[in-house]
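Visitor: Give the three-dimensional model of this entry:
(one chain, ligands or ions: 1)
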Amino acid sequence: MEGGMRRVATRMGEMEEPIAIPICGCGVPAHLRTSWSNDNPGRRFFGCKNHDSLVYQPCRFFSWFDPPMPPRAKVVLLGLLKRIRANEVQRKKERIFWIFIIILCVLLILY
Ligand SMILES: [Zn+2]
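Guide: Numbering: from 1, shown residues only. Sure, this is the predicted structure:
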C-alpha cells in the first residue's frame with residue numbers, strides 16, 4: 001500500500017494529503033479517517049465506507065496512512081484530549097444547570 005503524499009495548503013495551514021488512494025476489496029476508493037483511540041489518537045487511516053454497512057457486505061479493509069506516533073507525542077496528545085473532554089463535560093453540566101434555572105424561573109413567573 002505504498003501511497004506517497006503531497007503537501008496542500010488548507011485553511012489550517014499545510015497538510016499532507018495522499019496522492020494515491022487505496023482501493024479496498026469492494027472496489028471503491030477507501031476513505032481517509034482519523035482514529036481517536038487511546039493507542040493512536042489523531043492518527044489517520046484508510047477505511048472502507050462500507051465498513052459498518054448494513055446494506056453491503058461489511059468490509060474490513062484497513063490501512064494506516066500516518067506513520068506510528070512517537071510515544072511522547074501520544075502522551076501529550078492524550079493529555080490534551082483528556083483536558084478538552086473534561087472541559088466539555090463541565091460546560092455541559094453548566095448548561096444543564098442554567099436551563100434548569102431558566103425553567104424554574106419561567107414556572108415561578110407563570111404560577
Ligand atoms: Zn470495502
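Visitor: wait, what's in contact with the residue nearest in space to the middle of the chain?
Guide: Most central in the chain under Cα atoms, centre = their mean is Thr34, positioned 4.9 Å from the mean C-alpha point. Neighbouring residues of Thr34 by Cβ atoms under 8 Å, 6 or more residues apart in numbering: 42-45. C-beta here means a position set from N, CA and C on the backbone, and glycine is covered the same way.
Visitor: one more time with 6 Å, if that's ok
Guide: Arg44 (Cβ atoms under 6 Å, 6 or more residues apart in numbering).
Visitor: Quickly list what it is bridged to.
Guide: For Thr34, the beta-bridge partners are Arg44 (DSSP bridges).
Visitor: With Val28 as the reference, measure out to it.
Guide: According to Cβ to Cβ, to the nearest Å, Thr34 and Val28 sit 19 Å apart.
Visitor: for Tyr56, same thing?
Guide: 9 Å.
Visitor: Of those two, give the one with the bigger neighbour count.
Guide: Neighbours were counted for Tyr56 and for Val28 using other Cβ atoms under 10 Å; Val28 has more, 15 against 12.
Visitor: Return the backbone torsion pair for that one.
Guide: In terms of degrees, to the nearest 10, the main-chain angles of Val28 are phi -110, psi 150.
Visitor: Please apply the same query to Gly79.
Guide: The phi/psi pair for Gly79 (degrees, to the nearest 10) reads phi -60, psi -40.
Visitor: and it, how many neighbours does it have?
Guide: Neighbour count for Gly79, taken as other Cβ under 10 Å: 10.
Visitor: now do Gly27
Guide: Gly27: 7 neighbours (other Cβ under 10 Å).
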